[in-house]
Each structure stands twice: as structure tokens, then as C-alpha cells.
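K.L.:
the sequence and its predicted three-dimensional model are supplied below.
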Amino acid sequence: MKPSCRILSKCRNLRSFAQQPLICPHLPSGDLLKFKVFDYNRKIHSYPFQLLGFRSEFHHTQKNLCSNQPSFGQSRICFMVGLGRNRFLVGCDSSDVRDYSTSVEPGVNDKNFESVYLKGGVNVKPFVVEKTTEDEEILKGEQGDVIEKTVEDESDEDLRVESRKTEESEIEKEAWRLLRNSIVTYCNSPVGTVAANDPNDKTPLNYDQVFLRDFVPSALAFLMKGEGEIVKNFLLYTLQLQSWEKTVDCYSPGQGLMPASFKVRTVPLDDSSGKFEEVLDPDFGESAIGRVAPVDSGLWWIILLRAYGKLTGDFALQERVDVQTGIRLILNLCLSDGFDMFPTLLVTDGSCMIDRRMGIHGHPLEIQALFYSALRCSREMLVEDEGSKNLIRAVNNRLSALSFHIREYYWVDMKKINEIYRYKTEEYSMDAINKFNIYPEQIPHWLMDWIPSEGGYMLGNLQPAHMDFRFFTLGNLWSIVSSMGTPKQNQAILNLIEAKWDDFIGQMPLKICYPAVENEEWRIITGSDPKNTPWSYHNGGTWPTLLWQFTLACIKMGRTDLAEKAVEMAEKQLPADRWPEYYDTRFGKFVGKQARLYQTWTIAGFLASKMMLQNPHMASLLYWDEDYELLEICVCGLTKSGRKKCSRWAAKSHII
């Protein structure tokens, strides 16, 4: 669904949004110098209210009123208005907006461009550049003809990566048409894609909103297509919606929290003139089923910010003051001290892609893998200065501890299961082997006969006296992509998927988790959730959107044959089934009973997978290799106390 701007009050974009860096929404014109000297050692929640003298009142909704001068292209004035309990007005003129960027160049370095944009934005295929020699470039237009280019890596003169010369199939063209039809605009600028765009759906619920996690595959597809404007707009507008102030109201989001989704609404102006304006209305979980705040939204935002820089070369975006502040707020929220003794994030049920009660409260693998990825992204993008030294140090320490913890305690293979099978319990000492007091009776009967000798995987969850032995696909795939697991472990995960192809892939990739919980276990864990019946939805259902993450993991590990097989299978079935949200039954035979059709991230996941396979070099920019420096960092403090020698050298020896 595309919200229309026809009824808006003089709301027109006179320039491409990508060429107008959007400043921090809370900074009025001329206050940048104050921000530059801001002491980051202060409590960060004092910004911007103590800095600029605003009242410490949280605003729930922000809106842009776009008004233009009659002369086309001269200026664009955007007024940011806080609604709800906050009543302030901030104005900014596009002629002064570049003063708010910390980068020297306001735009992208010309050397990094391989696309020249036409008037019309994302709906027009770009010109592309065919590089023939080091000094010669041929510009090809005509609706985005296929390019064949050779990329030279400066660090290795012998490395050449050649894109596969392919033409889009009819299925891909149809998928692109559907993806473009799902674009949402805000003041005539594309800002995201709706979750689903079925024209026959009379009750869209919240599927007509832009979800942060859902937009990621759409963003990657646009970026690999050479259309970065929509992604940049999305990153900047969602940054405006970030919660900037800590409140004591239990129904208000915490400082740094990113919304789960947002919707562009048209509302009448207060002056009773009959005119309307567009409003960005975020949802921080207060409208979601279960009223759970999204833990993963901020993590996905950081991951996408890095991907935008890698695929466009526009690293100036991540160096801006407002973007850097947004990263720090998210990290401060995730790295805050609590009562938990583990380096993993403690979260509630329903705080991630599995957004309903499924027994994943505690330390679910999906959140830990995304957390680890976001930390690695942040370490690359954070600007080092006096104010960020402590934060960067905290990121490094947490990465080291989290990597060790996951690799050591979450990993399960035949050897580890045999160790757990012989565990002694009630061990009270620093030298305890069974550190979490896991009872061997917790090992499910299906696991011992199911797991192959050549494979393994990361546990779904780990808490005191509790191991969730279910295989959660998203967490295991991101363990590979981010190198949270060791190289040997990453290869073993793909070996397991290959050996148990029918269980994970069946007739449609990929299972969100395996196996499903059934019978009395289903009633206890899900609360008899009628949507999460066995082998449906989040309870062992099949989600085609996981295809792009599977493809990325396979490309990283040199197993593109597995990805090609899965993509070919999906390509035959998805268009015929009208791109459903998920599939039911053990082998994914039937379209989900309550699945939405024309689900956007199903379409985008397929397109992203195809483009990654056609250009593995581009896919290589999206994953991480092993970071050996992390293995040298130890923050346990045991050697200093003299109580016990740190055992982290044993984990390190498995890699080096």
C-alpha cells in the first residue's frame, strides 16, 4: 500500500533525499557547534534535553510538514513537530543542512559510484558502468542492461571477481514489480516496504506497516540493484523515531530502543483548514501481540547501516553525528549492567522474529547471534574519540566474552551430547564441569538418534538447569555469517543441514526451528496458541524469507551448491503460491493456514538470494571472517584473582 500525498499541504520533495543529509531531528539550526563540544562522558540520556534546554518530556510521534517556495528547486523546509506530551517546533532549511554532518564530503565519493541515478528514484532502473580497463569506463543505459565487470582488489593484484552475465527471468521481473509496489513513501520519498501487499486482504492488521526486521532483505535487494536512496531514507527516518529519553513510565520505551515498525498516516492539521499532513507513527511494542518491546530492531538497524556503507561506498552516512549517537544509544541499552552474570542478552519471549510465546525467554540464540553481529558492525563504524573510548573498550570485551561463551557452552554435536549424557549434577566449586547444573534427563530422545556424526549446531537457549535442544535456523545461520562460531563449527552446521535436508528444507526452504513442540509440551510452552500449532508458524513452520540468510552462509563457507538447490526449489513454488508468508506441515507442503500472501520479505529474500549467487563478491561484503584479535582479549579476571587459571586458551587452541 502506498500512502498518497495528494491531500497533503504543499508537500513536495524538490531534491533527492539521498543528496540531503538529514540532521538529528532534535537539533535546531545553528546548534551543531554546541553538539560538537558535547561531553560524551556525561550520562547520555541528558542529550539533547539538557544540552538544548528542552523540557524532559518524551514525544511519541514525530511528523514532517514539508513546505516549499514557489520557485522549483530553490529550497525545502521541513518542520519537525513533537506530538503528545512534548510541544516544541524545530525548523531546518536544506541550504544549511550540510553543516550538521561530521564528514568532509556531504555526498558519496564519486569513485565509489557504479550507478548514475535518473529522475524518478527507485522506480527507474539505473544506468550502470561497465569497467573494461583501469582507465576506461563505458556507460550503459537502456533500462539497466546487464553488466560484466572485473573488480581488482588493491590488496591482491591477482584477485579478479567477475559477475555472472545473466538476464532476469520472468519470475524475477514479476518479483521486482511486486517489491516496488510495496514501497511506502513519506513526503514523496521512499522510506520502506510494507510487510505484505495482498490486494484481496480486507483485514491487513499491522501488515500494512514498515517493520524494521522485515525491511532488511528488501534493503539488501535494493542495494545490490544499485538503488540506495530508499535504504538511506529508511535508516535516517527510523533514527528519528528512536527513543531518546529514559522515562519512568512503564509503558514508554527505554532510551535507545528502535521501534518494531512504523506507519505513515495522514492526519488533519490543527488549524481546521481542511488540509492534511503526513505523520510517522512508530510502534515500540505497545500495539503488538503480547506487548513485548522488540530487542532485535536496533540490532538489525546497525547491521543494515554497515551493509549500506559496504554496498554503496557511502561511509559518510555512518560517520554523521546523529548516526553515531544512534549507534551509541543502542549499544548503551544492550551493554547496560544488570543482575545477569552471562555475556549473553537476557530477553523475554516474543522479542525477536519469533514474536509469540514459544519458550525462548532467557538467552535465545537468535538474539545472541544478532547481538554479536551488531557489536562487530559497531566496532567497524564507531568513530574513535575521547567520548567513545570506553564504549569501544566495552564492545571489545563483550565480543570476546560472548564469542567464548557461545562457542564453549552453546555448541552441540555427538561428542558434546555424550558428555552431557554423563554429567554429574549438584557440583559446587569453581572447577565444576557441569557449570549450569544441566540434568542429563533433559536430552530429548529424538536427538540422540537424529544428530549425525559429521554435523553439529548451536543450542536454541541456555539457562541454569535448562538447555533448549531445538535447532533455530536464524540463530545458527547468523552464527556462520558473523563468525560467532569457529570455522569448524560453521562448517558442521551446514553439514547437519545437508545431512537432514528433508527436515530443514523439505519441499520449501527453510524451517524456522526443528522439531516442533507437540501435545502436552505444546500446551505448556505456547499456552495452547492456536496459531503456533505443531509444524505451523513459529512452531516448526517453513519461512521462505530465511532463504537469503541461508544463501549468504553457504557462500561464505563455499557451499553454494546447497544454496542453489534451495533457491531453485523456491523459485518453482513461490510464484505459484503467490509468495506466502510461511508454509505448514512437517515438510512444508501447504501454504500456512493464516499466512498472508504477497509477503514482502518472502519476495525480497528470493531476489536477494538470486543476486548473491550471481555476484558472490557482493555477498562477501555482508559477512565477517574470523577475528583473531578477539581471541587475545580476556576479561574474566580469574588470573588476577589467583583463584583459577583462565581456560580460554583451550577454546583458542581449537581455532589457531
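P.N.:
Okay, I see it.
K.L.:
pLDDT weak spots in the chain?
P.N.:
Low-confidence segments of the chain (pLDDT under 70): 1-165, 244-251, 635-656.
K.L.:
pick out the residue nearest the middle of it.
P.N.:
When C-alpha atoms, centre = their mean is applied to the chain, the residue found nearest the centroid is Trp300 (2.2 Å).
K.L.:
tell me who's in contact with that residue.
P.N.:
Leu212, Arg213, Val216, Leu370 (C-beta atoms under 8 Å, 6 or more residues apart in numbering). In this view, the C-beta of every residue, glycine as well, is placed from N, C-alpha and C.
K.L.:
would TSV of these with neighbour count be doable?
P.N.:
Shown next, in TSV, are these (neighbours: other C-beta atoms under 10 Å):
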residue	neighbour count
Leu212	24
Arg213	22
Val216	24
Leu370	26
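K.L.:
for Asn539, state which of those is nearest.
P.N.:
Distance to Asn539, by C-beta to C-beta, is smallest for Arg213 among the contacts of Trp300, at 19.0 Å.
K.L.:
check which helix or strand that closest one maps to.
P.N.:
Arg213 is part of helix 212-225, with elements assigned from DSSP states H and E.
K.L.:
mind giving me the packing neighbours of that helix?
P.N.:
When contacts are defined as 3 or more C-beta pairs under 8 Å, 6 or more residues apart in numbering; DSSP states H and E, helix 212-225 packs onto strand 189-193, helix 229-241, helix 296-312, helix 600-614.
K.L.:
helix, strand, or coil at the residue nearest to Met381 when sequence neighbours are not counted?
P.N.:
Closest residue in space to Met381, ignoring its immediate chain neighbours: Gln318 at 4.6 Å, by C-beta to C-beta, 6 or more residues apart in numbering. Three-state call for Gln318 (DSSP: H, G, I helix; E, B strand; the rest coil): helix.
K.L.:
again, but for Leu391
P.N.:
helix.
K.L.:
check Ala553 too.
P.N.:
Ala553 ends up helix, using three-state DSSP.
K.L.:
number of residues surrounding it?
P.N.:
24 (other C-beta atoms under 10 Å).
K.L.:
hang on, isn't it packed against Leu477?
P.N.:
Yes - using C-beta atoms under 8 Å, Ala553 makes contact with Leu477 at a distance of 4.8 Å.
K.L.:
any residues in contact with both of the two?
P.N.:
Counting by C-beta under 8 Å, 6+ apart, the contacts common to Ala553 and Leu477 are Ile493.
K.L.:
do you know how far Asn628 is from Phe436?
P.N.:
That one is not Asn; residue 628 is Tyr. 28 Å (C-beta to C-beta, to the nearest Å).
K.L.:
so between the two, which is more surrounded?
P.N.:
More crowded of Tyr628 and Phe436, by other C-beta under 10 Å: Phe436, with 14 against 10.
K.L.:
burial count for Leu333?
P.N.:
Neighbour count of Leu333, defined by other C-beta under 10 Å: 18.
K.L.:
leaving out chain neighbours, which residue sits closest to it?
P.N.:
Leaving aside its sequence neighbours, Leu333 sits nearest to Gly256 (C-beta to C-beta, 6+ apart; 3.8 Å).
K.L.:
contact partners for Leu382?
P.N.:
Per C-beta under 8 Å, 6+ apart, neighbours of Leu382: Gln324, Ile327, Arg328, Ser388, Leu391, Ile392, Val395.
K.L.:
got these as a markdown table, with secondary structure and neighbour count columns?
P.N.:
Converted to a markdown table, the contacts of Leu382 look like this (DSSP: H, G, I helix; E, B strand; the rest coil; neighbours: other C-beta atoms under 10 Å):
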| residue | secondary structure | neighbour count |
| --- | --- | --- |
| Gln324 | helix | 19 |
| Ile327 | helix | 24 |
| Arg328 | helix | 19 |
| Ser388 | coil | 18 |
| Leu391 | helix | 20 |
| Ile392 | helix | 16 |
| Val395 | helix | 20 |
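K.L.:
okay, the helices and strands packed on helix 212-225 in CSV with distance to Ala576 next?
P.N.:
Compiled in CSV, these are given as follows (distance: least, C-beta to C-beta, whole Å):
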stretch, distance to Ala576
strand 189-193, 22
helix 229-241, 28
helix 296-312, 30
helix 600-614, 13
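K.L.:
and the ones you listed: which comes nearest Val517?
P.N.:
Judged by C-beta to C-beta, the one of the helices and strands packed on helix 212-225 that comes nearest to Val517 is helix 296-312, at 21.9 Å.
K.L.:
next, the angle from that closest one to helix 229-241.
P.N.:
With axes from the mean of the first three to the mean of the last three C-alpha atoms, to 10 degrees applied, the angle from helix 296-312 to helix 229-241 works out at 150 degrees.
K.L.:
please state the offset of helix 296-312 from the chain centre?
P.N.:
Its chain's average C-alpha position is 6 Å from that of helix 296-312, according to C-alpha atoms, centre = their mean, to the nearest Å.
K.L.:
ok, residues contacting stretch 592-599?
P.N.:
Here stretch 592-599 makes contact (C-beta under 8 Å, 6+ apart) with 178, 182, 195-201, 207, 531, 536-537, 541, 545, 577-584, 591.
K.L.:
and the helices in the stretch 551-656 of the chain?
P.N.:
Under the criterion DSSP state H, counting those that start in this stretch, helices of the stretch 551-656 of the chain are mapped to 560-573, 600-614, 616-620, 638-641, 648-653.
K.L.:
want to throw the ones you listed into TSV with distance to Leu402 and mean neighbour count?
P.N.:
Shown next, in TSV, are these (distance: least, C-beta to C-beta, whole Å; neighbours: other C-beta atoms under 10 Å):
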stretch	distance to Leu402	mean neighbour count
helix 560-573	27	17
helix 600-614	27	26
helix 616-620	24	18
helix 638-641	17	10
helix 648-653	12	14
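K.L.:
could you dump those helices into a markdown table and include distance to Tyr308?
P.N.:
A markdown table is the format used below for the helices of the stretch 551-656 of the chain (distance: least, C-beta to C-beta, whole Å):
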| stretch | distance to Tyr308 |
| --- | --- |
| helix 560-573 | 23 |
| helix 600-614 | 14 |
| helix 616-620 | 13 |
| helix 638-641 | 40 |
| helix 648-653 | 33 |
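K.L.:
any idea how far Phe211 lies from Ser218?
P.N.:
Separation of Phe211 from Ser218 (C-beta to C-beta): 10 Å.
K.L.:
now swap in Met484 and tell me
P.N.:
To Ser218, Met484 is 25 Å away according to C-beta to C-beta.
K.L.:
of the two, which one has the most company?
P.N.:
Set Met484 next to Ser218 and count neighbours by other C-beta under 10 Å: Met484 wins out with 29 against 26.
K.L.:
the more buried one: what secondary structure?
P.N.:
Classification of Met484 by three-state DSSP places it in coil.
K.L.:
helices and strands around the helix or strand harbouring Arg177, which ones?
P.N.:
Element membership for Arg177 (DSSP H and E) is helix 170-181. Judged by 3+ C-beta pairs under 8 Å, 6+ apart, helix 170-181 is in contact with helix 600-614.
K.L.:
tell me the angle of the helix it packs on relative to helix 212-225?
P.N.:
Orientation of helix 600-614 against helix 212-225 (the same axes, to 10 degrees) gives an angle of 40 degrees.
K.L.:
which helices and strands sit right next to helix 600-614?
P.N.:
Helix 600-614 packs on helix 170-181, helix 212-225, helix 547-556, helix 560-573, helix 616-620, going by 3+ C-beta pairs under 8 Å, 6+ apart.
K.L.:
which strands and helices lie in contact with the third one?
P.N.:
Counting contacts by 3+ C-beta pairs under 8 Å, 6+ apart, helix 547-556 is packed against helix 473-481, helix 487-499, helix 560-573, helix 600-614, helix 616-620.
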